[in-house]
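In: okay, sequence plus prediction incoming.
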Amino acid sequence: MSLESAPIFAERLTEEDDAAIARFLDRLWLERGLSANTQLSYRSDLALFARWLALQSVELTKAVEGDIQGYFAARSRDAQKFTPRSQARLLSALRQFYRHLVMDRQRSDDPTAKLESPKLPRRLPKTLSESEVIKIFDGPDVNTDLGLRDRAMLELMYASGLRVSELVKLELPRVNIQHGVVQVVGKGGRERLIPMGEEAMEWIKRYLQNARPTLADGAASDWLFITGRGEPMTRHNFWHLIKRHAATGGVHIPLSPHTLRHAFATHLLEHGADLRAVQSLLGHADLSTTQIYTHVTRQRLRDMHQKFHPRG
């Protein structure tokens, strides 16, 4: 059945399919500490597939290779909505789901075993020059409580390469000003200890002494960074503030919430840092994830050569 035909999906999941997806996600969470965002993505992908199967009277747990191929073919007709990256994510979810069923002896075969992942173009992370980072840092008005908080957040993210989720969920007891380190709980519940650097340390001290008490207004909170109402910061809050301060500082290139994290890794490598050390600081489980930044640094060198060399 084509995704272009109507109806495209069954109105809702069956109880059986819903329960099967829930058991699968519970197992992943228990065994791998899967993040909430990844769980939501997997659930969405599996639920959509199950609702598509339902119109053909096929249960999610009993789908065969042909069903999966048919679904991918139908999705590929809407290339704008279902990109190669979303197709790859779906296949990853399906592979893990059906392997889970095989391990639980709910079925004897894996219908995804012979399916190949779509080829994805290498996507280089957007990053910033060192001068652009400084311009963003100059965006907040540090004479205000919120501006001082924002400057401390930006400095810490760039100095320590934290993920946005790690930054906004950082708790006060995990920040050791005396030793200049932060203890971070990353993906899969993995902990790592990261130096924050002299500059970020000074800004965090100023924030803790001069801004946070006013923002908290007497309320008890373990979160390091809080809003003007004394509540914990969110990814959404940070996304808006970095865009605002970039615009104020005159940086008008496209930004992502992780832009400063990407700049952290790129600039470390450009200044000669060891790749495995950067992997450890970023909290990457696989070195291949970190190696993407070596491509960024090479591309920047090529761009610089073309721009400034007389025969570039």
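Out: Right, received. Where do you want to start? Numbers count the residues shown, from 1 in each chain.
In: ranges for the strands of the stretch 51-200 of the chain?
Out: Assigned by DSSP state E, counting those that start in this stretch, the strands in the stretch 51-200 of the chain fall at 175-176, 181-185, 191-195.
In: okay if I get the ones you listed as JSON lines plus mean pLDDT?
Out: JSON lines is the format used below for these (pLDDT from 0 to 100):
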{"stretch": "strand 175-176", "mean pLDDT": "93"}
{"stretch": "strand 181-185", "mean pLDDT": "89"}
{"stretch": "strand 191-195", "mean pLDDT": "87"}
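In: any idea which of those strands is most buried?
Out: With neighbours taken as mean count of other Cβ atoms under 10 Å, the strands of the stretch 51-200 of the chain reach their highest mean count in strand 181-185, at a mean of 19. For every residue, glycine as well, the C-beta is placed using N, CA and C.
In: next, the angle from it to strand 191-195.
Out: Between strand 181-185 and strand 191-195, the angle formed by their directions is 150 degrees, by axes from the mean of the first three to the mean of the last three Cα atoms, to 10 degrees.
In: what about stretch 252-265, start to end distance?
Out: Terminal residues of stretch 252-265 lie 21 Å apart, using Cα to Cα, to the nearest Å.
In: hmm, who's touching it?
Out: Defining contact as Cβ atoms under 8 Å, 6 or more residues apart in numbering, one finds that stretch 252-265 is touched by 125-128, 130, 132-133, 136, 154, 157-164, 235, 238-239, 242-243, 246, 278, 281-282, 290, 293, 296.
In: buried ones in it?
Out: By 16 or more other Cβ atoms under 10 Å, the buried positions in stretch 252-265 come out as 255, 257-265.
In: of these, which belong to helices?
Out: 259-265 (DSSP state H).
In: need the CA coordinates for stretch 231-239. CSV is fine.
Out: What follows is the C-alpha trace of stretch 231-239 in CSV, where atoms were taken according to Å, rounded to 0.1, in the frame of the first residue of the first chain:
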residue,chain,number,x,y,z
GLU,A,231,13.4,27.0,37.1
PRO,A,232,15.9,24.7,35.3
MET,A,233,17.0,25.7,31.8
THR,A,234,15.9,23.6,28.8
ARG,A,235,17.4,22.7,25.5
HIS,A,236,14.8,25.1,23.9
ASN,A,237,15.9,27.9,26.2
PHE,A,238,19.6,27.4,25.2
TRP,A,239,18.8,27.2,21.5
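In: for residue 287, which non-adjacent residue is spatially closest?
Out: On the basis of Cβ to Cβ, 6 or more residues apart in numbering, the spatially nearest residue to residue 287 that is not a chain neighbour turns out to be residue 279, at 5.4 Å.
In: and for residue 204?
Out: In space, residue 204 is closest to residue 152, 5.0 Å off (Cβ to Cβ, 6+ apart).
In: just give me the neighbour total for that neighbour.
Out: The burial count assigned to residue 152 is 25, neighbours taken as other Cβ atoms under 10 Å.
In: surely it touches residue 206?
Out: Yes - with contact defined as Cβ atoms under 8 Å, residue 152 counts as touching residue 206 (7.2 Å).
In: any idea of the pLDDT on the residue nearest to residue 287?
Out: The score at residue 279 is 83. That number is its pLDDT.
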